[in-house]
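Participant: sequence first, predicted coordinates after that:
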Amino acid sequence: MTATYALERRFIIRGKLRAETPIHPGSGEPGMVSDLTIERDGRNRPVVRGTQLAGVLTDALRRECMGSAWEPALKKAWGTQDSASRVIVDDAPLLVDASIGSVHPERLDGIAMDRRQGTVAPGALYSREVLPEGSEFDFSLEVEDDGVAPPGVDWAARGWTESEPESWGHALIGELYRLLARGIRVGAATNRGLGQLKLTESSTVTVLDYTDQAAVLESLRTRDEDARKALVPEIGSGVPGGTIRFTVHWRPLGTILSGIETDGAVSLMPRTATSRRRRDGLPDLTEVRLQIPGSGIKGALRSRGEYIVRTVLDAESRGSPLEDCADDRLHEVAALFGSPGREVRGERGGDGKRVSTQTGRRGAVSFSDARSALAIPSAQWNPVLTALTALTDAPEPAREREKPEEKAARRKRNQKRNFRRAVEELNTAAGALGFEVVDRVAIDRWTGGAAESRLYAALEPTVSVWEPLIFDLDSHQLPEEGREDAVAVFMLVLRDLAEGWIPLGRGTRRGWGTIEVTAVEVENNSGFLGDALPGGNLLAPKLDQQEALDELIGEWFARRATVGAEGES
């Protein structure tokens with residue numbers, strides 16, 4: 001039998017989703033210039049599919065309202081086998097207009113590191129297409145309402161101060177709007193710094209009342225701010241429900257960068273991220289910031305977490321880095337940072353075939369990219385990129401009867417001179433964010449002199465102020481048993497980071513990447529470990545908070561130290 005329901009009202013959100021970070025709504029297909037391409041619609045526009053958005057919103061809303069009186073009604077709203085979903089989410093294509101200009105996907109290169117050697121792992125280079133920060137997507141969401149009143153809920157505690165929801169549909173549209181206004185993560189690599197989307201303030205919320213024709217016509221004409229305020233709750237904290245957010249304020253103590261190797265005037269360029277800054281009445285300004293990808297920060301902290309747990313267990317490595325990531329003895333590390341999927345063959349089923357299951361899990365902690373606080377307009381940065389690879393004859397002219405190898409050497413010298421001149425012009429224009437071309441050479445360990453043909457140069461930032469690091473720990477993603485243990489390990493990792501034991505970026509074994517942490521702010525919206533993590537600066541805690549954290553860590557250490565490596569399953 002087909003289930004039916006009355007339709008009295010329709011709530012509609014229309015507006016723009018703005019990318020707060022680069023985003024990769026993947027197609028799952030390789031391309032000509034990258035291994036992972038982005039999804040496109042029939043008009044060849046980059047698009048975030050409605051199925052992706054609906055899935056993310058369903059999961060986020062379930063976490064927000066877990067254990068509440070109206071959780072069953074919310075589950076029903078997203079549809080069952082007998083009824084269609086009452087929430088309609090359209091595809092969100094990329095918006096391009098005269099004020100924004102063309103938005104082109106960028107190529108983001110990534111590479112895995114061998115955690116034991118500290119060098120690039122062989123065969124682990126990959127690239128993906130991403131849309132830059134500032135990209136905007138056309139967004140539309142509708143909720144069909146049957147007018148049934150929601151169950152008893154303390155709506156004032158949930159931020160409904162203007163008015164309480166009159167029906168479950170009204171409550172649902174308000175909670176969805178709050179989620180979108182706070183921000184959601186969509187696409188690939190969301191726990192490594194990509195995919196943050198946020199609903200812009202210009203978005204509208206309207207209601208169509210099908211029980212009153214005059215009300216329908218009036219709703220179609222109304223798009224003012226007062227109508228939205230009457231339909232949605234206060235946005236409140238930007239920390240999602242069930243999440244503990246750690247904001248790490250820091251500064252570099254020396255050279256810090258995530259480098260990209262090149263074949264141009266220098267061998268190493270700093271990794272940068274492109275963003276768009278909106279300006280009233282003017283075209284958007286495209287800017288460039290220094291970047292340390294969230295994947296690199298995650299890798300550094302994961303390695304430290306493994307080091308801590310292996311030290312306590314006296315557990316040696318099992319072999320390859322992939323096997324180490326899947327080591328079932330390190331279940332706290334797997335809960336925090338994730339574990340790779342692998343196929344496990346079990347007993348034979350009734351048909352005689354072996355039953356295969358996929359293991360692996362997503363980590364509970366999400367990492368944002370680290371970016372420089374200062375930005376450079378793309379118009380000032382682009383001449384440096386041009387000079388990096390351009391080969392010209394000026395200022396050193398060609399000589400008569402010049403041999404081919406002499407011509408190549410002369411043009412290379414000119415390229416380096418032009419590049420240094422472009423860097424000097426950038427430093428003059430950019431102001432506080434400066435760069436220097438530094439020549440380096442590898443040392444022959446036998447003779448103690450410079451190694452032959454091993455001279456290289458790098459473009460290094462001389463002054464850089466960085467935005468805080470942000471780590472979001474999703475308590476719902478942690479296993480029911482051992483949640484406190486996983487948090488205890490993460491607190492030990494944060495403590496080592498604050499004490500300067502975890503360098504970031506490239507060249508961490510050659511003096512680069514040393515940082516100083518000045519504050520670690522905590523926002524706990526999880527309802528979990530309120531005594532140990534009530535909020536505030538972890539580096540200047542209250543006495544009772546410090547005692548609660550020490551007790552949490554001490555209990556974990558006592559349990560794990562007595563088990564040992566051999567006692568683990």
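Facilitator: Happy to help now that I have it.
Participant: for Pro468, grab phi and psi.
Facilitator: Torsion angles at Pro468 (phi, psi; degrees, to the nearest 10) stand at phi -60, psi 150.
Participant: and what of the one 3 residues further on?
Facilitator: Main-chain dihedrals, Phe471, degrees, to the nearest 10: phi -120, psi 120.
Participant: my guess is it contacts Arg245. True?
Facilitator: Yes - using Cβ atoms under 8 Å, Phe471 is in contact with Arg245, at 7.3 Å. C-betas here are computed from N, CA, C, even on glycine.
Participant: these two: which is more packed in?
Facilitator: Phe471 (23 against 20; other Cβ atoms under 10 Å).
Participant: for that one, which residues are in contact?
Facilitator: Counting by Cβ atoms under 8 Å, 6 or more residues apart in numbering, Phe471 makes contact with Arg245, Phe246, Val248, Val365, Ser366, Phe367, Ser368.
Participant: and what of Arg63?
Facilitator: Neighbour list for Arg63: Pro240, Gly241, Gly242, Asp474, His476 [criterion: Cβ under 8 Å, 6+ apart].
Participant: how about it, secondary structure?
Facilitator: helix (DSSP: H, G, I helix; E, B strand; the rest coil).
Participant: read off the pLDDT value for it.
Facilitator: If you check Arg63, the pLDDT there is 77.
Participant: look up the closest residue to Leu95, ignoring the ones flanking it.
Facilitator: Glu136 (4.6 Å; Cβ to Cβ, 6 or more residues apart in numbering).
Participant: next, the buried residues of the lengthiest helix in the chain.
Facilitator: The residue-count maximum for a helix in the chain (DSSP state H) belongs to helix 404-430. Of the residues in helix 404-430, 410-411, 414-420, 422-423, 426-427, 430 count as buried by neighbour count, 16 or more other Cβ atoms under 10 Å.
Participant: who touches the residue nearest the centre of the chain in this structure?
Facilitator: Closest residue to the average C-alpha location of the chain: Gly193 at 1.7 Å, with Cα atoms, centre = their mean. By Cβ under 8 Å, 6+ apart, the residues touching Gly193 are Thr21, Pro22, Pro293, Gly294, Ser295, Ile297, Phe367, Ser368, Asp369.
Participant: got a pLDDT number for it?
Facilitator: Looking at Gly193, its pLDDT stands at 83.
Participant: now stretch 307-322: average pLDDT?
Facilitator: pLDDT averaged over stretch 307-322 gives 80.
Participant: typo on my end, stretch 294-304
Facilitator: Averaging pLDDT along stretch 294-304 gives 91.
Participant: picking that back up, which of the contacts of Phe471 fall within strands?
Facilitator: Arg245, Phe246, Val248, Val365, Ser366, Phe367 (DSSP state E).
Participant: any chance of those residues in TSV, plus pLDDT and distance to Pro46?
Facilitator: Below are the ones in strands among the contacts of Phe471 laid out as TSV (pLDDT from 0 to 100; distance: Cβ to Cβ, whole Å):
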residue	pLDDT	distance to Pro46
Arg245	93	29
Phe246	95	32
Val248	96	32
Val365	93	28
Ser366	92	23
Phe367	92	24
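Participant: quick check: the two most widely separated of the residues you listed?
Facilitator: The distance between the two most remote of those (Cβ to Cβ) is 13.7 Å, for Val248 and Ser366.
Participant: so for the two, which residue has more residues nearby?
Facilitator: The neighbour count for Val248 versus Ser366, taken as other Cβ under 10 Å, is higher for Ser366 (25 against 21).
Participant: from Ile184, how far out is that one?
Facilitator: 12 Å (Cβ to Cβ, to the nearest Å).
Participant: just to revisit the earlier point, specify which member of the contacts of Phe471 is nearest to Thr286.
Facilitator: Ser368 (20.8 Å).
Participant: burial measure for the closest one, as a count.
Facilitator: Under the neighbour criterion other Cβ under 10 Å, Ser368 is assigned a count of 22.
Participant: pull the contacting residues for it.
Facilitator: Here Ser368 is in contact with Thr21, Gly193, Gln196, Gly294, Leu469, Ile470, Phe471 (Cβ under 8 Å, 6+ apart).
Participant: among the residues you listed, who's most crowded?
Facilitator: Top of the contacts of Ser368 by neighbour count (other Cβ under 10 Å): Gly193, with 26 neighbours.
Participant: nearest residue to it other than its sequence neighbours?
Facilitator: Gly294 (2.6 Å).
Participant: in contact with Thr247, which residues?
Facilitator: Thr247 touches Pro468, Leu469, Ile470, Val520, Glu521, Val522, Glu523, counting by Cβ under 8 Å, 6+ apart.
Participant: need these in JSON lines (columns: distance to Ala394 and pLDDT).
Facilitator: Converted to JSON lines, those look like this (distance: Cβ to Cβ, whole Å; pLDDT from 0 to 100):
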{"residue": "Pro468", "distance to Ala394": "45", "pLDDT": "95"}
{"residue": "Leu469", "distance to Ala394": "44", "pLDDT": "95"}
{"residue": "Ile470", "distance to Ala394": "47", "pLDDT": "94"}
{"residue": "Val520", "distance to Ala394": "52", "pLDDT": "94"}
{"residue": "Glu521", "distance to Ala394": "53", "pLDDT": "94"}
{"residue": "Val522", "distance to Ala394": "57", "pLDDT": "93"}
{"residue": "Glu523", "distance to Ala394": "56", "pLDDT": "91"}
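Participant: and those, which of them are buried?
Facilitator: Pro468, Leu469, Ile470, Val520, Glu521, Val522, Glu523.
Participant: now, the most widely separated pair of the contacts of Phe471?
Facilitator: Val248 and Ser366 (13.7 Å).
Participant: circling back: which one of the contacts of Gly193 is nearest to Asp485?
Facilitator: Phe367 (20.6 Å).
Participant: excluding its backbone neighbours, what's nearest the closest one?
Facilitator: In space, Phe367 is closest to Gly294, 4.0 Å off (Cβ to Cβ, 6+ apart).
Participant: cool, Val517 as well?
Facilitator: Once flanking residues are discounted, Val517 sits nearest to Ala498: 4.2 Å by Cβ to Cβ, 6+ apart.
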